[in-house]
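Q: Here is my input; please provide its structure:
(one chain, ligands or ions: 1)
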Amino acid sequence: MLQMFYRSVLNPIRDFIYPPICFTCNQLLQDDEMRICRACWNSFAKMNPSHPTWVEIKGKFEAEGVVQDILSCFLFEKEGKLQDVVHLLKYRGMKSLGERLGLEIGERIVSDPIFSRADYLIPVPLHKLKRRERGYNQSEHICKGIATVTNIPTHTALIKRLKYTESQTQLNIDQRKENVGNAFEINPKCRPNIEGKSFILVDDVITTGSTINACARILVANGARNVLAASVALAQ
Ligand SMILES: [Zn+2]
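A: Residues are numbered from 1 along each chain as shown. Have a look, this model is predicted:
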């Protein structure tokens with residue numbers, strides 16, 4: 001009965017909400033494609049550890065000394081197709097895109113000996129007002145995709161965002177640091193979950209890394225053994 005309900009009612013609705021067309025180019029999707037067609041995926045600039053942007057951002061983390069390593073899939077280019085995808089995910093309620101992008105990160109995590117052994121994924125938290133405004137935290141949906149591939153559990157209650165920070169895109173690196181300094185706190189109830197554990201902080205796009213650093217700092221201060229960072233993309 002329930003199955004029939006799914007087949008006859010829910011699936012058609014779902015297909016109506018998410019028609020089988022690419023979110024970025026509107027081409028019809030093949031059966032093995034999800035949300036975004038292969039041609040669009042292939043058009044995103046790929047990231048690897050020797051890319052200058054990766055080297056630069058990793059260097060910034062090393063200078064701060066709390067994030068041990070980073071992992072990312074794409075270069076975030078202004079006006080690029082990936083920018084459209086991230087925009088749909090963050091501001092247009094296309095949560096399933098987060099899962100799709102998370103699968104991509106997950107594939108990279110499973111082939112990395114350090115990342116694959118992390119105890120928890122932590123989506124960078126939104127302030128509760130911003131979360132209420134948006135209705136969801138896009139990074140949680142990215143974590144869902146990562147977890148599908150890696151089986152690493154997601155911990156959403158560990159870190160609380162105290163400050164309601166406006167969009168940081170207009171701020172320079174020092175202003176961003178100032179903006180997110182003391183913006184996070186550990187949920188006291190979850191403190192016992194941190195000691196000796198390894199974490200992957202997950203964000204959609206890493207730009208200066210100041211948000212990730214602020215989260216990493218309080219995890220390390222509370223006894224985390226290892227803090228890593230993963231994102232869909234790195235921005236110059
Ligand atoms: Zn496409």
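Q: interface residues of the chain facing the ion?
A: 22, 24, 25, 37, 40 (CB under 5 Å from the ion). For glycine as for every other residue, the C-beta is placed from the backbone atoms N, C-alpha and C.
Q: tell me which residues in the longest helix seen in the chain are buried?
A: Counting residues, the longest helix in the chain under DSSP state H turns out to be helix 95-110. Using 16 or more other CB atoms under 10 Å as the test for burial, helix 95-110 gives 95-106, 108-109.
Q: same question, stretch 155-162
A: 155, 156, 158, 159, 160, 161.
Q: same check, this time on stretch 25-43
A: By 16+ other CB under 10 Å, the buried positions in stretch 25-43 come out as 29, 33, 34, 35, 36, 37, 40, 41.
Q: start to end distance for it?
A: 11 Å (CA to CA, to the nearest Å).
Q: which secondary element of this protein has the worst mean pLDDT?
A: helix 11-17 (a mean of 58; mean pLDDT, DSSP states H and E).
Q: Could you tell me the average pLDDT over whichever helix or strand comes after that one, please?
A: Next helix or strand after helix 11-17 toward the C-terminus (DSSP states H and E): helix 38-43. Averaged across helix 38-43, pLDDT comes to 91.
Q: contacts for stretch 135-146?
A: The contact list for stretch 135-146 (CB atoms under 8 Å, 6 or more residues apart in numbering) reads 89-90, 93, 95-106, 109, 121-126, 131, 152, 154, 156, 200, 202-204, 230, 232.
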